[in-house]
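Novice: Please work out how this folds:
(2 chains)
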Amino acid sequence: MSARQHQTEAQPSMLHPELCASDDPDAIVRDGRRLDHAEGASKPLRPKPEKQPRGALIRGNRPVNQAEAAARFIAAPEHEKMHDERLWDLRQKRDREMHGIPEWEELRSLASAIKEHTLAHLDTYLEEFEVHATATGVHVHWARDAAEHNRIVHGILRDHGARSLIKSKSMLTEECGFRHYMASVGIDVIETDLGERIQQLDNEDPSHVVVPAVHKLRTDVAQVFARTLDTDPDNSDVHYLAERQREANRPLILAADAGMTGANFAVAETGTFAVCTNEGNADLSANVPKLHIASIGIEKVIPRLEHLAVFIRLLSRSALGSPITQYTSHFRGPRAGGEMHVVLVDNGRSERLGMAEFWTSLKCIRCGACMNTCPVYRRSGGLSYGATYSGPIGLIIDPTFNARKYSNLPFASTLNGSCSNVCPVKINIHEQIYAWRRVLVERHEVPLAKKAAMKAAGALLSRPAAYRAAIAAADTALAHLPRFVVYNGLNAWGKHREVPHPPKQTFHSWYQANRGARS
Amino acid sequence: MSGRDDILAAVRANRPRGDHPLPSVPLFDRSPPASLLARFKENLHRMGGEVLDLPVSGDLLAPVRAKIASGNVVCSVVPEIVGNRNIAGIGTPQDLADVDFAIVGASFAVAETGSLLLSEADLRVNAVAYLAQHLIVLLDPADILANLHHAYRRPEFRGNHYCCFHTGPSATADIEGVLIHGAQGVRSLSVLPLARTA
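Specialist: As a prediction, the model looks like this:
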């Protein structure tokens, strides 16, 4: 090995990896020669941005391996750290807002009771909403499932000869695979929420219900925009990226044939639907084109305007830790010369209503507070769940769509209960996660190794004497076994952490020795 | 059966058991702030909006005139300020694409959140409040309510097809949590607390 080669390997950072090309546009050329007085032909060194870890691998109906995708996210330390800290910051801001409202717990109880009441009388309130919306000139449609929703919206667009659609963020349309469907029928969909637009341009699903691109670093966004909006790939200044996106979107907004929004709440007594955004993009989507279509899940209905106050007070405080979103828009009918359509979508909701243990998951207002607080979600990224809904709420909703495909998800939780504690509508999320584990085992949707372990544990836990003997034996074994026996592929617990030191004595034997005689 | 009938039938068949009474919602106004304007101002500032100081004498609209002086296209929906883009002459929202400053009057405001309610009656053309680069709002300080419970009792929600709470300018923190004003809509929101003349 020569000295030069040796130096390259030992000190790679001292050598520039690339030099300016001979056709460098920045070069100053005089008399056919490049001027190089004091010029550095070397390119400045920049640390190479960390590559974005992608989400779970989807293989048809086979169970999504959340742990595998999470491991890849954790293996990207810059992404993991930013994601973890960003979401924990949102959680802390939520706490700050909570402490500023003396009636916070009362509002949560009210919100929960209002939702439970409405869900128990959902038919009546849906009909009431329809009557009032129709009376102010809204066309109300009903869709049994995702496919019917997409067909209805396509039909409306076709009737108006619409070829382009600007839309605000809607988890329901994600659920319906709406963008894919529209692409297949030749309609150009433009997402107008910055985070959602980033995800659309990167051909990736949103990873969070409120902040869809939260798993991306600014360098990832710079790469996406360089590829799709012709921005400078080396400029990851966030102000620059946001401004270029604004400038690129504005002409599309002005030229769009139709606009689409979701809805956060639908008020039965007035036929109003409310949409909450921070960018004002729902208002642009609804107020610039003549045609406005709103897709609304049937569980979004609430009885009266006075109830809306409770939810608006809770929503953004829980989601982002701000007292309200920048824009809270109320639509009750088309504007003069305009046309408004509402599509009420079931897509599994009425079936979920009949699940005694799980129907209260329909109370969810999609604030994302459970995701922001979840230690598993914060460390693994929303795309690791391979489903429309990720984080704790996803664990209890996703299996209702496909029990086999999402059979692993209820196990992606430590059951710490923080999700239930922050939920503004008091869904017992962690209890439902636990209940789903039992249901999935009963339905034989759980992998054999996991099931065998749980069955053995169940047998052991039901017999105190056998349990005590096993614990004592395990402690003795752990103290003496070589590492390769304890840390192998079969022990998931030992993969990323040390197994705890075995105690010299079990609590039971200590109790027998020290206190047992007295009792 | 139609989709509507199917869905309603499924909802009825799967109705959750138990008694789930509808609670009544209190107004939560036992401890109102000493000054509604001060509380409104504080909360709007937190959300990126600005409350302009009303001059003690002379031209009360001077702060607004100073702001719009730098704009080429000014669209005023209020009689107090004359712009150079007449809202009455707007055929389609696209005609507002080049507006630098829009000036509108608010129906009312909410101290708890720092929000302004702008209705279709206030805006004339709804898109003016989103396509303009900057939005200036005139608000009568007598129209500030304590909280959202009071706000949702107002008639604006029953009489209009469209109304919207504005709480600061268009904002986003979608890239690494970095706060940006002017994500898609207005880049700034300023409020002048001015008593109504009529």
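
Novice: report the longest helix in chain A, please.
Specialist: helix A:77-99 (DSSP state H).

Novice: Can you name the next helix or strand after that one?
Specialist: Reading on from helix A:77-99 to the C-terminus, the next helix or strand found by DSSP states H and E is helix A:104-120.

Novice: Can you name every helix or strand that that following helix contacts?
Specialist: Under the contact definition 3 or more C-beta pairs under 8 Å, 6 or more residues apart in numbering or on different chains; DSSP states H and E, helix A:104-120 sits against strand A:301-302, helix A:305-319. Every residue, glycine included, has its C-beta placed from N, CA and C.

Novice: for it, which positions count as buried?
Specialist: A:104, A:107-108, A:110-120 (16 or more other C-beta atoms under 10 Å in any protein chain shown).

Novice: Please apply the same query to stretch A:207-224.
Specialist: A:207-224.

Novice: do stretch B:4-16 as well
Specialist: For stretch B:4-16, by 16+ other C-beta under 10 Å, it's B:4, B:7-8, B:10-11, B:14-16.

Novice: got it, and stretch A:183-191?
Specialist: A:187, A:189-191.

Novice: repeat for stretch A:353-361
Specialist: With the criterion 16+ other C-beta under 10 Å, stretch A:353-361 contains buried residues A:353, A:355, A:358-361.

Novice: Out of the residues you listed, the closest to chain B would be?
Specialist: A:L353 (4.2 Å; C-beta to the nearest C-beta).

Novice: who are the neighbours of the helix or strand that contains A:A465, in terms of helices and strands?
Specialist: Per DSSP H and E: A:A465 is located in helix A:464-480. Using 3+ C-beta pairs under 8 Å, 6+ apart, the elements in contact with helix A:464-480 are helix A:448-461, helix A:507-514.

Novice: switch the cut-off to 6 Å
Specialist: helix A:448-461 (3 or more C-beta pairs under 6 Å, 6 or more residues apart in numbering or on different chains; DSSP states H and E).

Novice: contact partners of the helix it packs on?
Specialist: Here helix A:448-461 makes contact (C-beta atoms under 6 Å, 6 or more residues apart in numbering or on different chains) with A:466-467, A:470.

Novice: now stretch B:105-116
Specialist: A:323-324, B:36, B:39-40, B:43-44, B:47, B:78, B:117-119, B:122, B:137-139, B:143-148, B:151, B:156, B:165-167.

Novice: just stretch B:69-80 next, same as before
Specialist: B:61, B:68, B:83-85, B:87, B:98-105, B:124, B:128, B:138.

Novice: Let's see which of these end up in strands.
Specialist: Here DSSP state E is the test, and the contacts of stretch B:69-80 give B:101-105, B:138 as lying in strands.

Novice: I'd like the buried residues of stretch A:183-191 as CSV, with pLDDT and secondary structure appended.
Specialist: Shown next, in CSV, are these (pLDDT from 0 to 100; DSSP: H, G, I helix; E, B strand; the rest coil):
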residue, pLDDT, secondary structure
A:I187, 98, coil
A:V189, 98, strand
A:I190, 98, strand
A:E191, 98, strand
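
Novice: buried ones in stretch A:126-138?
Specialist: By neighbour count with 16+ other C-beta under 10 Å, stretch A:126-138 contains the buried residues A:126, A:128-130, A:132-133, A:138.

Novice: and chain B, which of those reach it?
Specialist: Counting by C-beta under 6 Å from any C-beta of the partner chain, nothing from these sits close to chain B.

Novice: so, if you compare the residues you listed, which one comes nearest to B:H161?
Specialist: Within these, proximity to B:H161 (C-beta to C-beta) peaks at A:V138, which comes in at 9.1 Å.

Novice: Now the closest one. Nearest residue, chain neighbours left out?
Specialist: A:M340 (4.9 Å; C-beta to C-beta, 6 or more residues apart in numbering or on different chains).

Novice: quick one: contacts of stretch A:273-291?
Specialist: Against stretch A:273-291 from outside (C-beta under 6 Å, 6+ apart): A:160, A:166-168, A:192-193, A:253, A:256, A:258-259, A:261, A:263-266, A:292, A:294, A:325-331, A:338-339, B:93, B:126-127, B:130, B:170-172, B:183-185.

Novice: Next up, phi/psi of B:S76, please.
Specialist: The phi and psi torsions at B:S76 (degrees, to the nearest 10) take the values phi -110, psi 130.

Novice: so what pLDDT did it get?
Specialist: With respect to pLDDT, B:S76 scores 98.

Novice: so where do the helices sit in chain B?
Specialist: Going by DSSP H, chain B shows helices at B:3-13, B:36-46, B:62-68, B:120-123, B:128-131, B:148-151, B:156-159.
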